[in-house]
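[1] Next input, structure requested:
(one chain, ligands or ions: 1)
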Amino acid sequence: MLGVENLTVRYGPHVALRGATVRFEAGSFSAIIGPNGAGKSTLLRALVGLVPAAEGRAVFDPGHSPDCISYVPQQQTLDWAFPVTVWDVAMMGRTGRLGWLHFPSRKDRVIVEDALRETGVYELRGRHIGALSGGQRQRVLLARMLARQGHLLLLDEPLTGVDPVTQEGLMALLRAQADKGRAVVMVTHDLEQAKKWCDHLVLVNGRVIADGTPAEVYTAANIEATFSTSLLGPAHTSGSEVV
Ligand SMILES: Nc1ncnc2c1ncn2[C@@H]1O[C@H](COP(=O)(O)OP(=O)(O)OP(=O)(O)O)[C@@H](O)[C@H]1O
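    As a prediction, this is how the structure comes out:
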């Protein structure tokens with residue numbers, strides 16, 4: 001449905017990602033996993049067209065395009081002091097499509113209300129976004145994503161700052177989106193959640209180390225190859241399958 005072919009991304013002289021080829025399918029929940037600085041966000045941003053390819057390209061199947069993407073960036077990259085409410089942010093999922101000169105229709109308001117209820121922040125709809133906790137902010141970003149009703153859902157570290165119980169709810173919500181036929185792709189550090197909820201894992205460390213089902217990908221050798229150059233030191237591996 002979407003993917004990258006032989007993608008290399010450079011920031012000045014620094015190669016963040018080299019020769020990556022990956023496909024993300026409709027109906028699939030994919031996780032991009034790797035240590036800090038591995039190029040995970042770069043891969044996601046290249047799919048959205050936010051960083052240019054030095055070589056290779058992002059590819060979309062016919063009928064799909066970057067317009068179908070709902071992209072949820074890392075929450076710390078956003079300006080939470082911006083004077084808008086929870087409702088306003090969720091509505092941005094609609095106004096992005098309508099253009100600023102159009103007023104939201106009744107249908108848009110119903111879609112936004114449903115999205116806020118599904119993510120559990122409807123009761124907070126009148127609150128200024130600066131007055132939200134980290135987990136509440138993450139849910140508001142997911143509400144905006146749902147309101148957009150894109151076919152391709154790309155999320156950069158949606159579990160950051162979210163408590164374990166809420167994490168389960170968010171993962172179930174994303175799984176359900178994939179089961180409805182959407183392509184869901186998230187960047188995460190959480191190997192356990194990825195293994196539990198995703199049917200497709202991509203291990204990245206400057207390049208694609210492994211790409212496939214959790215059973216195919218989640219081996220001691222692949223985890224070692226992915227995390228051994230982490231700043232935090234080598235991964236703890238048993239030398240056997242860790243599925
Ligand atoms: N705008 C930029 N300018 C220069 N270098 C950048 C820029 N963005 C990222 N990089 C570098 O590219 C590499 C990959 O960054 P990226 O953000 O894709 O990693 P990541 O795997 O998402 O990391 P993290 O888990 O820490 O968020 C890193 O070495 C990073 O320092």
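[2] Provide the strand pairings for the helix or strand encompassing residue 184, with the direction of each partner.
    In this structure, residue 184 sits in strand 183-188 according to DSSP states H and E. Sheet pairing here is set by DSSP bridges, and for strand 183-188 it gives strand 29-33 (parallel), strand 152-156 (parallel).
[3] So for residue 78, which of those strands sits nearest?
    strand 152-156 (11.0 Å; Cβ to Cβ). Bear in mind the C-beta positions are built from the backbone N, C-alpha and C, glycine included.
[4] Residue 32 is in contact with residue 191, correct?
    No. Contact status for residue 191 versus residue 32: not in contact, 11.8 Å apart, counting by Cβ atoms under 8 Å.
[5] These two - which one has more neighbours?
    Each of residue 191 and residue 32 had its neighbours counted (other Cβ atoms under 10 Å), and the higher figure belongs to residue 32 (29 against 19).
[6] That one and residue 184 touch, don't they?
    No. Counting by Cβ under 8 Å, residue 32 stays clear of residue 184, with 11.5 Å between them.
[7] what comes up buried for the strand holding residue 184?
    By 16 or more other Cβ atoms under 10 Å, the buried positions in strand 183-188 come out as 183-188.
[8] Of those, just say which sits nearest to the ligand.
    Of all these, residue 187 has the smallest distance to the ligand: 6.1 Å, by Cβ to the nearest ligand atom.
[9] element containing the nearest residue to residue 118 once chain neighbours are set aside?
    Distances taken as Cβ to Cβ, 6 or more residues apart in numbering place residue 146 nearest to residue 118, at 6.1 Å, with adjacent residues excluded. Element membership of residue 146 [criterion: DSSP H and E] is helix 134-148.
[10] So which elements touch that helix?
    Judged by 3 or more Cβ pairs under 8 Å, 6 or more residues apart in numbering; DSSP states H and E, the packing partners of helix 134-148 are strand 69-72, helix 86-98, helix 106-118, strand 152-156, helix 164-179.
[11] Great, nothing more from me.
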